[in-house]
Structures are given as C-alpha cells and as structure tokens.
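Asks: Test case, fold it:
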Amino acid sequence: MVMDPKQRLDPELVAPLEGVMTATGGGFNLHDLAATRAMVDAMVAGVKTQVPPIAGVEATDLEAPGPKGAPAVAVRLYRPAGARAELPVLVWMHPGGWVLGGIELEDLMAQQLAKDVGCAVVSVEYRLAPEHPYPAALEDCFAVVKWLAADGEKHGVDAGRIAVGGSSAGGNLAAGVALLARDRGEVRLRFQMLIYPPLDDRNIAQASAAVPDNLFWTRENMLMSWRAYLENRQATAGVPIYAAPTRTRELAGLPPAYIAVGGLDMFLDENLDYAARLTAAGVNTEVHVYPGAFHAFDAFAPMARVAHQFVADRNNALVRAFAG
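Replies: As a prediction, the model looks like this:
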C-alpha cells in the first residue's frame, strides 16, 4: 500500500498547506475559471499589501514584439538598482497551469531573485488558455527571448547570456522554449531553469489508493489544465514535443539544465526521467529533490527551512550559469 503523502510531509509545511487549502476553499477550482482567476489575483494583491517593498530593485513595464500575427507581449524588466553594466538575463514564465496568473503572480519573487543574483529578470505576460491554447503561450515566450537577443542591449541586457526559467506550467514553457531555440537556430540560450515542471501530458492518472493525489495542485487540476492548453488532445499521438517536452526523442544540443522538484510532487517521476535523459544526451544537468515537499512549496511556505534551501540552490545555480 502506498503511504499517505501527508504522513511524509515536512513538518514545517503542514501549517502552510492547511492555510493554503483554507484560503482557497479546499483548493483551486478550475471548473469555475473566472472565479478562480479573480481569487488568485485577490490573493496576490493581499500578499503584496502585507510585504514591505523590496529595496534595491528597479522594475520597468515594457512590450516585446509578439509572434507573427499576434499582439505585442507585455513584460516586466527587473534590474538591481544602479547596475550600469549589461546584465545577464533570466526570462521567467509564471506558473498557473497555463490558465491562471500573470506577471503580478511572481512579482515579488522576480524582484528578490534579480537583487540576490545580480541579474536582470524579464517576466512574461503570456496569453492564457483555454482562450489561447497551444502554441500561443509558448510562442509569446519565444518571441520575448528573440527580442532580447536582438535588442536586449537597449535595456541593459547582455544578449549573449540569456537563460529561460519558470515554475510549474512556466517550467514547461521554459523547456519548450529551449527546444524551440535549439531547433529553429535563432537564439542561443545559456541555461534552462525548470522548477517542478509538468513535462508529460500522459501523466494524467486520477487519484486512487495506488496513485495518491498531490497535496496542493490536484491530478484533476492538471488534467483540466492539459485539456485547456492542448484543446483536449492530451495523451494522443499528435501532441508536439514543444508542448510536452518529455516526448522529445533527441535531447542533445540543449542548454545546461537545472531541475528542482518536491519529493511529494506528482511531477517527480517525469522530472527525474527528463533529467536522466538530458544527462545521457550529454547535457549538463543539476537535479534537486526536496524531501517532504509538495508542489509549489516554496511559494506557500517561504519561511520553511526546505524553502530557504531551495532558494539558495536555485540562486547558486543561476550565478554559476551566468559566470561560466
């Protein structure tokens, strides 16, 4: 019998998880997407009223040219205050199952990361599903990367040191952008930072005694997210590798990778499999598994020691990637 994930939960994550479930009325309800989007926006706004401003960071809202035939893409550029030299840049894709969130969702995180790492961060307001299914979000993110490669110097960005990254669905998009960059040959990326990304559209087994549910982002939520993103084509033969990167047969030639995931995350197995295949293909890959941690643990329990360790590991990896 599979052990109940709650019995393996890091003790410092118990109260934060209970708080999240209470605040969301038992979890995010994607059956009422409009209400859930409004709830997420309200939660983010509420957190920002309680957190003091992060000193030492400058944020600028800009627009990047969108994909051919599509609108411009809103972005927010973060730079350490007073930085004069051209900085390496992390293009960041936010989480939310491709259906929730925006720049504001990761605003505080992006500010702190830019300050701590000493790099620029460009957060992407990509189009959301189901209104804009695949490949809209992916092409928005890739368009931003191309814009930085061509015009980044105008904004104090080193076009030769571009990394992509994201958490959850944002990590999926980052992995997809890395594949697009390799295959289209238009941009050379320095690094890919994949934080507990969903990579396999076929990982949609429903919760059962043998397949425990995730403690935060449920299997039903993930199935609904894949359906929205892929227009109900999930788990079919026609799903592109750029939408579900684990389907990629050839991983050679991708930029060095960093993958981080909680030990209780439903994406653990597919993340470890992707990391092993990257390594086998000759791609330098760093992997971290955080015992007793659920999906998005760092966002909902930032004061826990495991979250502090996650942030330190993530930042150190990015510093090394930009320095190499």
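Asks: Under a three-state scheme, what state does the closest residue to T218 other than its chain neighbours occupy?
Replies: Residue nearest to T218 in three dimensions, not counting chain neighbours: G27, with 6.1 Å by Cβ to Cβ, 6 or more residues apart in numbering. C-beta here means a position set from N, CA and C on the backbone, and glycine is covered the same way. Of the three states, G27 takes coil under DSSP: H, G, I helix; E, B strand; the rest coil.
Asks: G66 too?
Replies: coil.
Asks: Look at it and say how many residues are nearby.
Replies: 18 (other Cβ atoms under 10 Å).
Asks: Would you mind measuring from it to A136?
Replies: Here the criterion is Cβ to Cβ, to the nearest Å. By it, G66 lies 10 Å from A136.
Asks: And A235, by the same measure?
Replies: In terms of Cβ to Cβ, A235 sits 21 Å off from A136.
Asks: swap in A114?
Replies: Distance from A114 to A136, counting by Cβ to Cβ: 27 Å.
Asks: So those two - more neighbours on which side?
Replies: A114 (29 against 19).
Asks: remind me, longest strand of the protein?
Replies: The strand spanning the most residues in the chain, taking DSSP state E as the definition, is strand 157-167.
Asks: Buried residues, it. List them.
Replies: Neighbour-count burial for strand 157-167, counted by 16 or more other Cβ atoms under 10 Å, picks out 157-159, 161-167.
Asks: And stretch 285-304, by the same measure?
Replies: 285-288, 290, 292-301, 304.
Asks: For this structure, name the helix or strand with the lowest mean pLDDT.
Replies: Within the chain, no helix or strand scores below helix 5-8, which has a mean of 78 by mean pLDDT, DSSP states H and E.
Asks: Show me what the following helix or strand past it is packed against.
Replies: Sequence order places helix 11-23 as the next helix or strand after helix 5-8, per DSSP states H and E. Applying 3 or more Cβ pairs under 8 Å, 6 or more residues apart in numbering; DSSP states H and E, one finds that helix 11-23 makes contact with helix 297-300, helix 305-323.
Asks: M43: which of the ones you listed is closest?
Replies: Taking Cβ to Cβ, helix 297-300 is the member of those nearest to M43, at 10.4 Å.
Asks: Export the closest one to PDB, keeping only CA atoms.
Replies: In PDB, the C-alpha atoms belonging to helix 297-300 read as follows (Å, rounded to 0.1, in the frame of the first residue of the first chain):
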ATOM      1  CA  PHE A 297       6.000  24.500  -1.500                       C
ATOM      2  CA  ASP A 298       8.500  27.400  -1.900                       C
ATOM      3  CA  ALA A 299       5.700  29.900  -2.800                       C
ATOM      4  CA  PHE A 300       3.400  28.900   0.000                       C
END
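Asks: sorry, back to before: closest one of the buried residues of strand 157-167 to K6?
Replies: Nearest to K6 among the buried residues of strand 157-167, with distances taken as Cβ to Cβ, is S167, at 22.7 Å.
Asks: how close does the closest one sit to M109?
Replies: On the measure of Cβ to Cβ, S167 and M109 end up 9 Å apart.
Asks: quick one: low-confidence parts of the stretch 151-300 of the chain?
Replies: 207-212 (pLDDT under 70).
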